[in-house]
Structures are given as C-alpha cells and as structure tokens.
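*Asks:* sequence and computational prediction follow.
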Amino acid sequence: MNISEINKGNKALEFIEKRISDDKYRGAHSSQHQRYTMNDTFYILLMLDKYAPDQSLMPIRTTDISKRPENNSDEFVYAKFCNEVTEIVKKGTQDAMRKLFFVDMNKMGFIKRYNKNKKECVDPFCRCLTKYVSITNFGLKFIKTKNLLNKYFIFSKAVDSLFIGRVDVILNLLINDAYKTTKISFDEYMFFVSAIEIDTNFNINLEKADYLINEYRKLSPIQRKSVVEKLRKELVPKKFTGNKINKRDFHNWQNQADQVFHLLNQSVYFEVRGIDNDVFTKKLVLKGQDKQIFSEISNRLERSVSEKYRYFKKHEVEKRSGFELHHVVPLSWSESIYHFKILDKWNNMVYIDAFSHAKITQNNNRNVVLDIVKNDIILTDYSDNKIYLKHNRNILYKPTNKKIIKKYNFELLNTIK
C-alpha cells in the first residue's frame with residue numbers, strides 16, 4: 001500500500017507503510033472488546049470480595065451459556081455474583097465476566113486465576129482454562145482505599161500493567177523536555193506511540209517516536225485525513241488472502257486504540273479531549289488543572305522536569321543522542337501522590353542507551369532492583385532477568401554517586417511494594 005505517495009519523502013508515511021506490511025502491525029495485543037470504567041472495576045471487585053470473602057477461591061463456569069444454558073451446582077455462587085454485578089454496572093454476563101473482565105483484571109493484578117486443580121495461572125498474559133478466581137492483596141487495597149485520588153493512582157498502576165508499561169512510556173514522552181511532543185492525537189498513538197519499544201520488527205524508541213510524530217505533523221490536515229481514510233478503506237479483511245494473521249483490519253486496530261484511550265482517560269495522569277469516535281479530533285494530554293481533585297498531580301507533572309535537570313547536574317553528564325532518561329522504579333507504580341513525589345527524583349533515574357531501555361520496557365518495567373559491579377549498574381527484576389549497564393557505554397552517570405542511588409533504590413523498594 002503506497003501511503004507515502006500522499007507526500008513523497010515524508011518519513012512518518014514511510015514508517016506507516018513499513019508497519020502495516022508486518023503481520024504484527026497492530027502492536028502488542030491488549031484489551032479491546034469491552035468498555036468498562038474504574039467504577040465498574042471497583043464494584044466487580046467489591047462483589048468478588050463479598051461472594052468469595054477472605055481471598056477464597058470462587059468456582060466459575062468454564063462453558064459458554066450457548067452450549068450449556070444451566071449452571072452446575074458449584075457455579076451457583078458465580079451466577080449470583082454475576083447477577084448482582086449486572087444489576088449495579090449494567091454489564092457482566094457470566095460469559096463476559098470469565099472471558100473478558102476476569103482476563104483483564106488478572107493482567108491488572110486485581111485477581112488471580114486458577115485451573116481446575118486450583119493451580120494458579122502464573123502468567124496473566126498466557127491462555128488459562130480458568131475454573132477458580134480470587135481477589136489479590138492489590139485488589140483489596142483498591143476497594144478499601146478511601147482517598148479518591150489514591151484510588152485513581154492504584155487504578156492507573158493497574159492500567160499500566162494491563163497495557164504492558166504503556167502508561168510509563170507515554171508519561172516519559174510527554175513530560176520529558178527532550179521531546180517536542182506535548183499531546184498525542186489518536187492517529188499518532190495508533191501509528192507511532194503504540195510502536196514504542198515493543199517486540200516487533202518496526203519497534204522504535206521514544207526519540208524516534210517524537211521525530212516521527214513531528215514529521216507526521218508536517219502534513220496538512222487534509223493529507224493526514226487522507227492517510228487515515230486510505231487505511232480505513234484498504235485495511236479490510238476481505239481484501240486479503242490467507243489466515244487471520246495475514247489479513248489486515250483497520251477497524252480492529254482502531255478499536256484496540258480506542259480501549260487504550262478510554263482507560264487512560266480514567267487514569268490519574270491523562271485526559272482525552274475532542275469528540276468521541278472521531279479519529280481526527282481526539283487527543284491525549286496530561287491531566288489538566290481544571291479538575292480540582294487532580295490539581296496536585298497536575299502541578300507535580302509540570303514540576304517533574306526540574307528533577308531531570310538535576311540528574312544531569314548531579315552526574316555532570318550532557319545529553320546524548322541515543323540515550324534516554326529512565327526511572328528505575330517507574331512513575332506508573334505510584335499508588336499515591338506521595339509515591340509519585342519520591343519516585344520522580346534524580347536518584348531514581350538512570351541515563352541509559354535506547355537498546356537497554358527497550359529491553360526494560362519489553363519486560364514491563366520490572367527491572368527495578370539496582371545493583372553495582374565496580375562502576376557498572378545491573379537492573380534486575382524479581383525473576384533474575386538482568387540488564388547489564390556498562391559505565392560510559394550503556395549508562396552515563398558519575399560513579400561517585402553510586403552509593404546514593406543504590407541506597408535510594410533500596411529505600412524505594414521497601415516503601416513501594
């Protein structure tokens with residue numbers, strides 16, 4: 001598909017062409033089939049705690065209602081649970097609950113799923129024939145938190161987990177003064193932002209995404225609209241041969257991005273402005289101060305840049321192309337404004353090469369344990385997956401500060417669990 005013909009030489013259009021030629025063009029698979037709100041999630045978890053108290057395991061149905069309309073005796077509690085949820089949130093049939101809501105909530109960290117032998121499905125992103133579910137400590141924290149702002153923080157952390165680190169990626173793009181991007185239109189998210197540091201042949205880093213977004217903005221409004229309309233017209237499954245993987249579907253791609261915007265709009269960090277269902281007016285921006293409850297986080301987001309300057313001053317390093325400032329313990333892990341403030345400090349940052357940063361992002365930002373070997377830094381997750389950062393090759397910092405950042409990392413990990 002010759003998208004680049006719309007404006008010859010435009011690098012953003014060349015990238016879009018490359019992306020849609022790849023079978024993984026839609027990027028990382030995520031939630032897309034069911035719209036729900038933070039309040040919906042709250043009430044579902046509240047009802048789960050009611051019907052399966054003390055984090056006990058609740059048996060659920062494993063067969064579609066169309067194939068077996070009646071409930072087995074061990075599914076009666078599940079049926080009552082779904083009925084009460086449906087009365088409150090107007091969604092959550094027995095099939096939707098087990099196939100959509102519970103799958104997402106497992107990825108968000110709110111629940112655990114188990115097979116028929118009551119063995120936990122350890123990887124939430126892998127298929128699991130689920131027979132039991134239970135609420136997690138994180139889920140209990142969400143429903144028991146009285147402070148509304150903190151509840152938004154916790155939900156935002158869950159959304160970041162669901163979208164495999166997208167919240168942190170977008171925060172880094174919007175609050176980093178090294179980039180020109182201060183807002184993200186819907187089509188810019190689809191084409192460029194959703195490609196940042198994902199495991200595909202067309203993955204890009206933050207610097208490249210910022211460049212492509214601004215290259216895309218060089219097109220006239222009519223040209224940008226032409227790009228979207230051409231893709232919408234041409235990326236239709238019936239126009240492609242082969243199996244589902246070989247086909248292209250703009251509608252599904254857009255639906256997936258719609259779900260991302262829908263949930264990010266309910267986070268503590270972002271809001272969506274523009275007209276619903278309009279690709280050409282919707283845009284994602286940092287949370288505005290017009291909403292009183294978010295004024296503190298809004299102010300903090302504006303001040304965030306000062307800590308980045310402090311990093312370069314404390315470590316006596318200069319900005320270099322191909323390197324990115326990274327929070328060791330991600331900002332998106334915050335569960336309160338207090339957490340956000342202590343995470344957004346220079347001594348929780350490392351200035352690392354883009355390749356190492358991409359590997360951390362692809363590991364869902366889990367490499368949060370900082371260790372030191374001479375002047376090199378090792379970032380490890382709790383499964384012993386290591387990112388080795390060689391001083392002056394993969395990381396730029398002042399080694400005399402290594403004890404400071406090591407101590408601060410230890411304190412953070414004992415504060416934010």
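*Replies:* Everything's here; your move.
*Asks:* what's stretch 117-129 in contact with?
*Replies:* Stretch 117-129 has contacts (CB atoms under 8 Å, 6 or more residues apart in numbering) with 57, 62, 103, 106-107, 109, 112-116, 130-132, 164. C-beta here means a position set from N, CA and C on the backbone, and glycine is covered the same way.
*Asks:* run a quick neighbour tally on residue 407.
*Replies:* 12 (other CB atoms under 10 Å).
*Asks:* now do the SS call for it.
*Replies:* helix (DSSP: H, G, I helix; E, B strand; the rest coil).
*Asks:* quick one: it from residue 401, how far?
*Replies:* From residue 407 across to residue 401, the span is 10 Å (CB to CB, to the nearest Å).
*Asks:* residue 220 too?
*Replies:* Applying CB to CB to residue 220 and residue 401 gives a distance of 48 Å.
*Asks:* more neighbours: those two, which one.
*Replies:* Ranked by neighbour count (other CB under 10 Å), residue 220 and residue 401 place residue 401 first, with 16 against 11.
*Asks:* helix, strand or coil: sort out that one for me.
*Replies:* Looking at residue 401 with three-state DSSP, the answer is helix.
*Asks:* return the residues in contact with it.
*Replies:* Contacts for residue 401 were tallied using CB under 8 Å, 6+ apart; they are 314-315, 347.
*Asks:* now for the helix ranked longest in the chain, which elements pack on it?
*Replies:* Of all segments of type helix in the chain, defined using DSSP state H, the longest is helix 295-315. On a contact count with 3 or more CB pairs under 8 Å, 6 or more residues apart in numbering; DSSP states H and E, helix 295-315 meets helix 166-175, helix 337-343, strand 349-353.
*Asks:* nearest to residue 368, of those?
*Replies:* Closest approach to residue 368 among the helices and strands packed on helix 295-315 is made by helix 337-343 (10.5 Å; CB to CB).
*Asks:* can you pull the domain assignment for the chain?
*Replies:* Using automatic domain parsing, the domain parsing of the chain gives 3-30+163-286, 38-144, 300-415.
*Asks:* now render these as CSV, adding mean pLDDT and distance to residue 152.
*Replies:* Shown next, in CSV, are the domains of the chain (pLDDT from 0 to 100; distance: least, CB to CB, whole Å):
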stretch, mean pLDDT, distance to residue 152
domain 3-30+163-286, 92, 4
domain 38-144, 96, 7
domain 300-415, 94, 10
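*Asks:* as PDB, could you dump the C-alpha coordinates of the longest helix of the chain?
*Replies:* Extracted C-alpha coordinates of helix 295-315, given in PDB (Å, rounded to 0.1, in the frame of the first residue of the first chain):
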ATOM      1  CA  SER A 295      -4.600  19.700  40.800                       C
ATOM      2  CA  GLU A 296      -1.800  18.300  43.000                       C
ATOM      3  CA  ILE A 297      -0.700  15.700  40.400                       C
ATOM      4  CA  SER A 298      -1.100  18.300  37.600                       C
ATOM      5  CA  ASN A 299       1.300  20.600  39.400                       C
ATOM      6  CA  ARG A 300       3.700  17.800  40.100                       C
ATOM      7  CA  LEU A 301       3.700  16.700  36.400                       C
ATOM      8  CA  GLU A 302       4.600  20.300  35.500                       C
ATOM      9  CA  ARG A 303       7.500  20.400  38.000                       C
ATOM     10  CA  SER A 304       8.800  17.000  37.000                       C
ATOM     11  CA  VAL A 305      11.300  18.400  34.500                       C
ATOM     12  CA  SER A 306      13.300  20.000  37.300                       C
ATOM     13  CA  GLU A 307      14.400  16.600  38.600                       C
ATOM     14  CA  LYS A 308      15.600  15.600  35.200                       C
ATOM     15  CA  TYR A 309      17.800  18.700  35.000                       C
ATOM     16  CA  ARG A 310      19.100  17.800  38.500                       C
ATOM     17  CA  TYR A 311      20.200  14.400  37.200                       C
ATOM     18  CA  PHE A 312      22.400  15.900  34.600                       C
ATOM     19  CA  LYS A 313      23.800  18.400  37.100                       C
ATOM     20  CA  LYS A 314      24.500  15.800  39.800                       C
ATOM     21  CA  HIS A 315      26.100  13.400  37.400                       C
END
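*Asks:* which residues touch it?
*Replies:* For helix 295-315, contacts defined as CB under 8 Å, 6+ apart pick out 149, 175-177, 268-269, 286-289, 318-319, 325, 337, 340-341, 344-347, 349, 351, 396-398, 401.
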